[in-house]
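Using only what follows, build the 3D model:
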Amino acid sequence: MGAAGDVPGRYSDDELMLAKTHFNFWTPENCMKPAPIHPQEDEWRFERADALVDWCNENTIPIHGHTLVWHAQTNDWFWKDGDKERTIERMKQHIHTLVGRTRERSTVGTLSMRRSTIEATNNGEPSQVWVVKHNRPGVHLSGIQVRA
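Sure, this is the predicted structure:
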């Protein structure tokens, strides 16, 4: 059985002990979503995600992926210009970077990912919806595949 959270930060020693004793896989909650890890197009902040991967490695707990692009946790720059192709390219780069880095750093099993749906909004109204399927060895985005 698995659990989700952005370990080890903000968790007490008792909570971390409980987690590593009772769960056999871990899912990042928010630390890999664009707002905290990719705040600007040319800026990455891997500290929280790397800490999670390190903790999972130290405790031999495999990582089960979570939604990597979520409309409510994605900064405005990601959707800037309203250009679908540019937005898709940003999503591909974001997903490729995170999946690749996590796979490189993880020493426990594999990164398993599932289907995600993301929305681009225009003044709060949905304007486009893309379905992203995360599978090994690639990421399928609206029929486009990115190798990670």
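
how about the helices in the protein?
Remark: helices assigned in the chain by DSSP state H are 13-22, 34-37, 47-58, 84-105.

Tell me which of those lies nearest to Asp76.
helix 34-37 (10.2 Å; CB to CB). No exception for glycine: its C-beta is placed from N, CA and C like everyone else's.

quick one: buried residues of the closest one?
By neighbour count on 16 or more other CB atoms under 10 Å, the buried set for helix 34-37 is 34, 36-37.

now do stretch 8-22
Across stretch 8-22, burial judged by 16+ other CB under 10 Å covers 8, 19-20.

tell me the mean pLDDT for that stretch?
The average pLDDT for stretch 8-22 rounds to 96.

So what's the gap between it and the chain middle?
Offset of stretch 8-22 from its chain centre (CA atoms, centre = their mean, to the nearest Å): 21 Å.

which other residues reach that stretch?
Defining contact as CB atoms under 8 Å, 6 or more residues apart in numbering, one finds that stretch 8-22 is touched by 1, 3, 5, 7, 26, 48, 51-52, 55, 59, 61.

Quick check: PyMOL command selecting the buried ones in those residues.
Those of those that count as buried under 16+ other CB under 10 Å are selected in PyMOL with:
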select buried, resi 3+5+7+26+48+52+55+59+61
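
wait, isn't Leu98 in contact with Met32?
Yes - Leu98 lies in contact with Met32 (CB atoms under 8 Å); the separation is 5.4 Å.

anything in contact with each of these two?
Common neighbours of Leu98 and Met32 (CB under 8 Å, 6+ apart) are 49, 68.

Please say which of these two ends up with more neighbours.
Each of Leu98 and Met32 has its neighbours counted (other CB atoms under 10 Å); Met32 has more, 29 against 26.

what residue ranges in this protein score low on pLDDT?
82, 109-148 (pLDDT under 70).

Asp81 and Thr97, how far apart?
The gap separating Asp81 from Thr97 is 20 Å, by CB to CB, to the nearest Å.

before we move on, the earlier item: which members of the contacts of stretch 8-22 are the farthest-apart pair?
Largest separation among the contacts of stretch 8-22 by CB to CB: Met1 and Arg48, giving 23.7 Å.

So which residue is smack in the middle of this structure?
Leu68 (3.2 Å; CA atoms, centre = their mean).

That one contacts His94, correct?
Yes - proximity of Leu68 to His94 meets the contact threshold set by CB under 8 Å, at 6.6 Å.
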